[in-house]
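*Asks:* Structure of the sequence below:
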Amino acid sequence: MISEEEIMARSRLFPQLALFGLLILALAGVVGAEPGETTDPAARRYRILMLLWRGETEVEAGFKAYIQEHNLPFDLIIRNADQNSANIPALVAEARQLKPDLVYTWGTPLTLGVIGPYDQANPARYLTDLPVVFTMVAYPLESRIVPQLASSGRNVTGTTHTIPAESQIKAIRAYRPMNRLAAIYNPTEPNAVINIGELRKAAHRLNFELLAQPLPLDANGRPDANALPGLLAQLAAREPQFFYLGPDTWVSDHRQTITEEALRHHLPVFTSVDRPIKDSAVLMGLVAPYFHMGRFTAFKAEQILIERRLPQDLPIETLHRFTYIVKLPVARQLDLYPPLAILNYAEVIE
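*Replies:* Take a look at the predicted model:
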C-alpha cells in the first residue's frame, strides 16, 4: 500500500488522487481492525477465568466488589477444583480452549498445578501463554511459584496473605507475655510445613519455645481428626501461653474442634489467617482480611487488563496494613481481657 506521503506528493500532479487515496487509507484502517478490537482498553470487555480451590470465599466477594465499584468491564467465568488436585489438568485444558484475557488462581496447590514452578514451567503441562494473577498463596518464594517478589520473571503476578512471623509474635506479646507457643500442623501440606519452619526461626530470634506437633496420619496418609483431643490435651499440659492457628488448610477446616478443645483447656488461640475469626473460638489474631485481599487482587487485574501492564512488571505483594482482631466473648470465657492499649487500634468483635 502506498504511503500518505506518496499520495500527497502525487497530488501535486493529480489533485483528485489526494482525496481518493486518503479515503482508501481511512477505509483500510477500519477494515484492518479485528472485530471488537479497540485502541481504548476500557472500551471493550475482558474475560477472567477464576479457578478456585474450595469454592467462592470472601476473597472472591472482595474481588467482585472492586470490579463493581470501579465499573470495570470484566466478565467472570468461575470454575472450582473442589480441593482435588486431580481436577487441575482439566481446568488447564479448559483455559487453553477458552483463551480468557486473564486467569485467576486461588491458593498454592491450585496455582502450582496451573502454572508450575518457575524453573519447571513446561508449556505442555502448564499455562505459560495466558496472563495469570494468583491470590492466597502463603509462601510464593518457598513454593517456587516465583524466584523473587519484585518480579515473577514470567506471565504471572499475585498477592499473598502471609504476615511475617515476627509480626505475629509481637502481636501475641502485645496481648500477654509469651515464652511458650503451641501448634499442630499437617505434615503433608507444604504451606503448613514452611510456616512451622518460619515460626522455628522466629522462636530462635525472639527467644520463645515452639511446641509444634505434627498430626498423625491414618492408613490413607491423611491427618487423623480423631487424634485432635489427645494432641490438644498433651500440648495444654506443657502450659503454653497461646495456641497458634496458621496457614494450614486441614487445620483451618477443623478449626471449630481445635478451638473448642483449646478453650476447654483454658488455652487462648491466636490466628494469623482470617477464616477462623468468624466461626470459631479464637481469642485474637493479626490477619490480612480475605475481603481486602480480593479487592487488592482485583486491582492487579485492573493494572494488567486496563492499564496494559505486564504481569512480570508487577511485584507480588501483601496488604500494606493488617488487622488486629480481639473477640470479647472468648476473652470473657477465658477471663483474659486485652490491655487497654490494644483497644486503641484493634477491631473488637462483641
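*Asks:* distance of N179 from N80?
*Replies:* 43 Å (C-beta to C-beta, to the nearest Å). Heads up, the C-betas are built off the backbone N, CA and C, glycines and all.
*Asks:* between the two, who's got more neighbours?
*Replies:* Neighbours per residue (other C-beta atoms under 10 Å) separate N179 from N80, with N80 holding more: 17 against 12.
*Asks:* which residues touch that one?
*Replies:* 52-55 (C-beta atoms under 8 Å, 6 or more residues apart in numbering).
*Asks:* Secondary structure element holding F291?
*Replies:* helix 290-305 (DSSP states H and E).
*Asks:* by contact count, what packs against that helix?
*Replies:* For helix 290-305, the packing partners by 3 or more C-beta pairs under 8 Å, 6 or more residues apart in numbering; DSSP states H and E come out as strand 46-52, helix 58-69, strand 102-106, strand 132-135, strand 156-158.
*Asks:* A262: which of those is closest?
*Replies:* helix 58-69 (23.8 Å; C-beta to C-beta).
*Asks:* Quick check: what element follows the closest one along the chain?
*Replies:* Sequence-wise, the next helix or strand downstream of helix 58-69 (DSSP H and E) is strand 74-80.
*Asks:* pLDDT (mean, whole number) over that next one?
*Replies:* Strand 74-80 shows a mean pLDDT of 98.
*Asks:* what about that strand, distance to the chain center?
*Replies:* 16 Å (C-alpha atoms, centre = their mean, to the nearest Å).
*Asks:* in it, what's buried?
*Replies:* For strand 74-80, burial by neighbour count (16 or more other C-beta atoms under 10 Å) applies to 74, 80.
*Asks:* Partner strands of it, with direction?
*Replies:* Sheet pairing of strand 74-80 (DSSP bridges) gives strand 46-52 (parallel).
*Asks:* in the strand it pairs with, what counts as buried?
*Replies:* Buried-residue list, strand 46-52, by 16+ other C-beta under 10 Å: 46, 48-52.
*Asks:* measure stretch 217-224 end to end?
*Replies:* Chord length of stretch 217-224, first to last residue, is 5 Å (C-alpha to C-alpha, to the nearest Å).
*Asks:* Show me what L51 is bridged to.
*Replies:* Assessed by DSSP bridges, L51 has beta-bridge partners R79, T105.
*Asks:* if I pick P247, what's in contact with it?
*Replies:* By C-beta under 8 Å, 6+ apart, the residues touching P247 are 138, 161-162, 191-192, 195, 272-273.
*Asks:* what about Q97, how many neighbours?
*Replies:* Neighbourhood size, Q97 [other C-beta under 10 Å]: 7.
*Asks:* Quick check: phi and psi at it.
*Replies:* Backbone torsions of Q97, given as degrees, to the nearest 10, read phi -70, psi -40.
*Asks:* That one and V287, how far apart?
*Replies:* According to C-beta to C-beta, Q97 and V287 sit 37 Å apart.
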